[in-house]
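In: the following comprises the amino acid sequence and a computationally predicted model.
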Amino acid sequence: MSILQALDGYYHRLAARGEVTAPGWSPEKFGWCVVLNSAGEPVDVYDLHDVSGKKPKPRLYRVPASFARPGVTPRAFFLWDKTAFTLGVTKSSDGKAWVASDKQHAAFITLHQERLAGQDDEGLLALLRFLESWWPERFDAAPFKPEMLDANILFRLEGERGFIHERPAARALVEGRKKQAGDDDITCLITGEQAPVARLHPTIKGVEGAQSSGASLVSFNLDAFTSLGKTQGDNAPTSEAAAFRYGTALNHMLTRDGPNRVRRPIGDATVVFWADASQAEVADAAESLFGETFDPPEDAEEAYKLGLELAAIAKGSVPPESRAGLAKGTRFHVLGLSPNAARLSVRFWLSDDFEFFAKHLADHFDDLHIEPRPLGWSGAPSVNLLLARTTALQGDFKNIPPLLAGEVMRAVLTGARYPQSLLAAVIIRLRAGDPKMSDGKSGSIGWHAAVIRAVLVRDHRLKFYKEKVPMSLDREHRTPGYQLGRLFAMYELAQKRALEGLNTTIRDRYFGAASATPASVFPLLVRGGQNHLAKLSKTKPGLAKLIERELDEIYGNLEATLPRSLSLQQQAEFAIGYYHQRSAKLKSDKGEEISLADHEASASEEGDEA
């Protein structure tokens, strides 16, 4: 099933529930209404703004459908438009006054003279008389206001509560559009039916980073994009009705804070999702669970329950406590859209049964499992947060590499191999240190270790990596990278305990080099470590003995000759070994416990208690 076919099907579900407009109509924002008497004289201006919040906001009204207006030839909307069309006035270049917009106003008048010819409805005749008698200079007089400039304008007949476009005669004109000269029937690519072609496809609004006025998902404006001498929509023959339906459904999902939209873009992709089901409650249950997965609850217990639900669905069963209505075989769609000038790019498009996505989401969270849990880890972090914490400069969501985000999202939802660029990006950020995140919180190496382990675990499961990666400290895991990471952690522990109050450790200076070229760096670390241990032997002999015992055990797992370099996967194991060792609780002969990362261990214990 294509993207447009899936969107067309979703429109019918929304229409059955009265959540979207009928063909020929679209929701638009309005703040002003001009009240006309039967002679066409403007008698009042009514403020439509919503004043319930801190600032007045325009309200949404269903009006005759808008459309894209490319080029320089003015094209007016029917029964409403901006002041440039309806009143012939627009803001001056300095924004301090108005200037006439004769071409736009003439287009508005011509359209309504043609479409309202022969009408006898009182409201439609009043609008026609208004247009025939209006001149822009009247805007300077009451009841018109400067703040109306360039805003959308509705019309209402004096003494009535409804708008002129809502009158039965107006609705008949909107919904009963006659076939125009030059309209040829085509076979619609979406429905397969014979119908007039949509020359211009609908404008899509709400994609982060795209033009605020909207952008096109399907468009042809240069010869290079066309074929066989066809122009505009003839290159992708879609009926006007089907184009309206898919555009309306997509715009509905892209509404800010809507339930079918991932709250924050993933990289540069705005993500929407929806289900196909004969019963609305079944589709709602699937969409609700998927939405919570990508905007998970902060509460650790709720996040844990979410993971159990996904795991149960992945195994083909839904526990009694799971959300009601979720049915097996529910078809599900996920669409990621990225801005591209005046157009939209499809970053990814995935369509399958909901169990398919649930299984791979559960696998994703399992692959991320590492012990102890990282600092600030509350159950199942969203893909967005995961990428921000481990790949983005300063931990800022805006700095997530867009191509990487799309590839990771596809791997998460399909169970495919994580991109190797993810492993490289996480290791690069890890080498750069532990900077303050954009929200002021400190990053944690545990987040990096979790993502690194997820990549290696999945590679092992898919036969791309032969070594099985431990979840927690495994002293018998003898890969060079893992054991060298443990060794590095112990020398850092010796340094920190010998030089109390130290702000900069060997991790800040040598972590990257030690993980990439250990043979050239570790001799230096060993010499420094011996000095630190000698000092500890005098001040804290028990601790020195404990560290030396751990070092002896690690050296016993290493070959006599240090490797000159480590592969990307071995560098990844270095990071995991380092995290496991620095988080481990080491017991002295007196029963005392020490750890390089006491604060992370405490955070893990608090999470376990929760």
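Out: Nice, I can see it.

In: can we go C-alpha only for contacts and neighbour counts from here?
Out: Will do.

In: give me every residue that touches Tyr465.
Out: With contact set as C-alpha atoms under 8 Å, 6 or more residues apart in numbering, Tyr465 has these partners: 456, 459.

In: should've said Asn251
Out: By C-alpha under 8 Å, 6+ apart, Asn251 lies in contact with 204-206.

In: which one of the residues you listed sits closest to Asn37?
Out: Checking these against Asn37 with C-alpha to C-alpha, the nearest one is Lys205 at 35.5 Å.

In: how far away is Lys82 from His252?
Out: Lys82 sits 22 Å away from His252, going by C-alpha to C-alpha, to the nearest Å.

In: now do the end-to-end distance for stretch 193-211.
Out: With C-alpha to C-alpha as the measure, the ends of stretch 193-211 fall 33 Å from one another.

In: so which bits of it are buried?
Out: 195-208, 210-211 (16 or more other C-alpha atoms under 10 Å).

In: among those residues, which lie within strands?
Out: Using DSSP state E, the subset of the buried residues of stretch 193-211 located in strands is 195-196, 203-204.

In: switch the residues you listed over to TSV; also include distance to Met490 and pLDDT.
Out: Below are those laid out as TSV (distance: C-alpha to C-alpha, whole Å; pLDDT from 0 to 100):
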residue	distance to Met490	pLDDT
Ala195	74	87
Pro196	74	87
Thr203	59	89
Ile204	56	93
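
In: save those as CSV, and put in distance to Asp474 too.
Out: What follows is these, written out as CSV (distance: C-alpha to C-alpha, whole Å):
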residue, distance to Asp474
Ala195, 67
Pro196, 68
Thr203, 56
Ile204, 53
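
In: and the closest residue to Ala100 other than its chain neighbours, how far is that from Pro136?
Out: Of all residues not flanking Ala100 in the chain, Val89 sits nearest, at 4.7 Å (C-alpha to C-alpha, 6 or more residues apart in numbering). Separation of Val89 from Pro136 (C-alpha to C-alpha) stands at 6 Å.

In: need the overlap of contacts for the two.
Out: Ala100.

In: who's more crowded, these two?
Out: Ranked by neighbour count (other C-alpha atoms under 10 Å), Val89 and Pro136 place Val89 first, with 25 against 19.

In: does that one touch Glu147 like I think?
Out: No: checked against C-alpha atoms under 8 Å, the pair Val89 and Glu147 is beyond contact range at 11.9 Å.

In: now what about the longest helix anywhere in the chain, what contacts it?
Out: Longest helix of the chain, by residue count under DSSP state H: helix 518-539. For helix 518-539, contacts defined as C-alpha under 8 Å, 6+ apart pick out 484, 491, 494-495, 497-499, 510, 513-514, 543-545, 562-566.

In: select only the buried ones of these in PyMOL?
Out: Buried residues among the contacts of helix 518-539 (16+ other C-alpha under 10 Å), as a PyMOL selection:
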select buried, resi 484+491+494+495+497+498+510+513+514+543+544+545+565+566
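
In: helices - which of the contacts of helix 518-539 land there?
Out: Using DSSP H, the subset of these located in helices is 484, 491, 494-495, 497-498, 510, 513-514, 543-545.

In: out of those residues, which is nearest to Ile370?
Out: Within those, the smallest distance to Ile370 is 18.8 Å, found for Leu484 (C-alpha to C-alpha).

In: now the helices: where do they sit in the stretch 201-350 of the chain?
Out: For the stretch 201-350 of the chain, applying DSSP state H, counting those that start in this stretch gives helices covering 240-253, 280-294, 300-314.

In: how about CSV for these, with mean pLDDT added?
Out: Shown next, in CSV, are the helices of the stretch 201-350 of the chain (pLDDT from 0 to 100):
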stretch, mean pLDDT
helix 240-253, 92
helix 280-294, 84
helix 300-314, 69
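
In: let me know which of these is the nearest to Arg264.
Out: Closest among the helices of the stretch 201-350 of the chain, using C-alpha to C-alpha: helix 280-294, at 9.3 Å.

In: list the buried ones in the helix or strand Ile452 falls within?
Out: Here Ile452 sits within helix 445-461, counting by DSSP states H and E. Of the residues in helix 445-461, 445-460 count as buried by neighbour count, 16+ other C-alpha under 10 Å.

In: farthest pair in those?
Out: Between all members of those, the farthest pair (by C-alpha to C-alpha) comes out as Ile445 and His460, at 22.3 Å.

In: give me the domain ranges for the chain.
Out: The chain breaks down by automatic domain parsing into domains covering 25-175, 275-468, 480-609.

In: tabulate those domains (CSV), appending distance to Gly267.
Out: Output for the domains of the chain, formatted as CSV (distance: least, C-alpha to C-alpha, whole Å):
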stretch, distance to Gly267
domain 25-175, 27
domain 275-468, 4
domain 480-609, 23
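
In: so which of the ones in helices among the contacts of helix 518-539 comes closest to Ala236?
Out: Nearest to Ala236 out of these is Ala513 (C-alpha to C-alpha; 54.4 Å).

In: where's the closest one relative to Leu566, distance?
Out: Distance, Ala513 to Leu566, by C-alpha to C-alpha: 10 Å.

In: touching both of these two, which residues are there?
Out: With the criterion set as C-alpha under 8 Å, 6+ apart, the contacts of Ala513 and Leu566 do not overlap.

In: what residue of this structure is the furthest out?
Out: Distance from the C-alpha centroid of the chain peaks at Lys538, with 56.5 Å (C-alpha atoms, centre = their mean).

In: could you export stretch 549-558 as CSV, CA atoms only?
Out: C-alpha atoms of stretch 549-558 as CSV (Å, rounded to 0.1, in the frame of the first residue of the first chain):
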residue,chain,number,x,y,z
ARG,A,549,44.5,-7.5,43.1
GLU,A,550,42.0,-6.3,40.5
LEU,A,551,44.8,-5.2,38.2
ASP,A,552,46.5,-8.6,38.5
GLU,A,553,43.2,-10.3,37.5
ILE,A,554,42.7,-8.1,34.5
TYR,A,555,46.4,-8.6,33.3
GLY,A,556,45.8,-12.3,33.6
ASN,A,557,43.1,-12.0,30.9
LEU,A,558,45.3,-10.0,28.5
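
In: need the contact partners of that stretch.
Out: By C-alpha under 8 Å, 6+ apart, stretch 549-558 touches 475-476, 478, 480, 483, 486-487, 490.

In: using JSON lines, lay out the residues you listed together with neighbour count and pLDDT.
Out: Shown next, in JSON lines, are these (neighbours: other C-alpha atoms under 10 Å; pLDDT from 0 to 100):
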{"residue": "Arg475", "neighbour count": "16", "pLDDT": "93"}
{"residue": "Glu476", "neighbour count": "11", "pLDDT": "93"}
{"residue": "Arg478", "neighbour count": "16", "pLDDT": "93"}
{"residue": "Pro480", "neighbour count": "21", "pLDDT": "95"}
{"residue": "Gln483", "neighbour count": "27", "pLDDT": "97"}
{"residue": "Arg486", "neighbour count": "27", "pLDDT": "96"}
{"residue": "Leu487", "neighbour count": "27", "pLDDT": "97"}
{"residue": "Met490", "neighbour count": "23", "pLDDT": "95"}
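
In: in helices, which of the residues you listed appear?
Out: Going by DSSP H, the helices hold 480, 483, 486-487, 490 from the contacts of stretch 549-558.

In: which stretches of the stretch 501-610 of the chain have low pLDDT?
Out: The stretch 501-610 of the chain contains residues with pLDDT under 70 at 588-593, 595-610.

In: same deal with the stretch 151-300 of the chain?
Out: In the predicted model of the stretch 151-300 of the chain, residues 177-183, 297-300 satisfy pLDDT under 70.

In: show residues contacting whichever strand or helix holds Glu28.
Out: Taking DSSP H and E as the criterion, Glu28 maps to strand 25-30. Here strand 25-30 makes contact (C-alpha under 8 Å, 6+ apart) with 21, 48-49, 58-66, 151-154, 174, 248.
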